[in-house]
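Asks: Give me a model of this one.
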Amino acid sequence: MFLKKITLLREEIQSTNRYPFSIPAIRTLDEINLQSNVTFFVGENGSGKSTLLEAIADKCEFHTAGGGRNNLYDVYAADSVLGSYIRLSWLPKVTNGFFLRAESFYHFATHIDEVDESGFKDYGGKSLHEQSHGESFLSLFLHRFKGKAIYLLDEPEAALSPTRQLTFLRIIHDLASHGNAQFIIATHSPILLGYPYADILSFDGEKIEKIDYEMTEHYQITSYFMQHRERFLEELLKEEE
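Replies: Numbering: from 1, shown residues only. Predicted structure coming up:
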C-alpha cells in the first residue's frame, strides 16, 4: 500500500451548504484510513463516491477526465471541486498511476491517438478507438497497469461483460497481491465487489462506513433477484389497481 489516509481539510471549507460539501458522506467526512491494497467505494448515484475519487485523482496530479500525470488534454468541466480540500498521506509516496473515468474514456482514447509515438505498446498494439469498448478497457488494464502505482477507477465495469469482469479481477489480484499496486475503485458491480481481499466503504449513510460484501445493496438485490426472479418481477411490473 502507498496511500494510507485521506483527510478532509475542514478549516478550509467556508460553507457545508454548497456542493460538494452538502453531500452527507462528504459533509461528515473527517478522515479515511486505507487498510487494504484494494478498496471499493459503493453507494447510490450522487452519494459522493465518484466525487471523492476524482478529488484523490486531482491531488495525485492525474488528469481528472482520465489518464496519468503525463496525459495533458482539454476536456470541458474536468476540474475537481473537492481536490483543494483534501490531504493525502503516503508511505511511501508514488507518482505513477492512472485515473480511469468510464464516462470520459472516449476523450482519453482520442488524446492517445494524437500523441502516441510507440505503436500503442501500452494499449495492446493498436488504437483504443480500433478496439471494442470492453477490449480497450482490458488493453489498458493489461498493458499500461504495471510497476509500483496507484490506480483510481470510476465504474470500470461499464464496458466489461461479466466474463471480462472476472478477467479484470484476476488482473487486480496479480498486481495488488505482490504489493506493487494499490486500487481504489468506485463501482456498482456485485462481481467486482466480491474480490475477497478488498475493503468496501459505503457512501449511502450519513457517513462513510466499512461494510461486509453481503451487506451491500448490490449483493442483496442481485442475490434476491437470482433466487426469486419470477416473484421479484411480478411485484415490480404489476399494474396499479
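
Asks: pretty sure Phe40 contacts Ala198?
Replies: Yes: counting by Cβ atoms under 8 Å, Ala198 is a contact partner of Phe40 at 5.6 Å. Every C-beta, even on glycine, is put in place using the N, C-alpha and C of the backbone.

Asks: neighbour-wise, which of these two wins?
Replies: Set Phe40 next to Ala198 and count neighbours by other Cβ atoms under 10 Å: Phe40 wins out with 25 against 20.

Asks: how about the more buried one, what does it touch?
Replies: Ile184, Ile185, Ala186, Thr187, Leu192, Leu193, Tyr195, Ala198, Asp199, Ile200, Leu201 (Cβ atoms under 8 Å, 6 or more residues apart in numbering).

Asks: which one of the residues you listed is nearest Gln220?
Replies: Of all the contacts of Phe40, Gln220 sits closest to Leu193, with 11.4 Å by Cβ to Cβ.

Asks: show me the contacts for the closest one.
Replies: Contacts of Leu193 (Cβ under 8 Å, 6+ apart): Phe40, Val42, Thr187, Ile200, Tyr213, Thr216, His218, Tyr219.

Asks: again with Tyr123
Replies: Taking Cβ under 8 Å, 6+ apart, we find Tyr123 in contact with Ile112, Asp116, Ser136, Ser139, Leu140, His143, Arg144.

Asks: confidence score at it?
Replies: As predicted, Tyr123 sits at a pLDDT of 90.

Asks: Roughly how far does it sit from Gly67?
Replies: Tyr123 sits 12 Å away from Gly67, taking Cβ to Cβ, to the nearest Å as the criterion.

Asks: just Gln227 next, same as before
Replies: According to Cβ to Cβ, Gln227 and Gly67 sit 41 Å apart.

Asks: Which residue of these two possesses the greater neighbour count?
Replies: Per other Cβ under 10 Å, whichever of Gln227 and Gly67 has more neighbours is Gly67, with 24 against 9.

Asks: what comes into contact with stretch 200-215?
Replies: Residues contacting stretch 200-215 (Cβ under 8 Å, 6+ apart): 24-25, 28-29, 32, 39-44, 47-49, 52, 193-194, 199, 216-217, 219-220.

Asks: from these, which ones fall inside helices?
Replies: Within those, membership in helices is found for Pro24, Ala25, Lys49, Leu52, Leu193, Glu217, Tyr219, Gln220, as judged by DSSP state H.

Asks: Quick check, the fourth one in contact with Ile23.
Replies: No: when contacts are counted by Cβ under 8 Å, Leu52 is not listed as touching Ile23 (9.1 Å).

Asks: Looking at those two, which one has more neighbours?
Replies: Leu52 (28 against 20).
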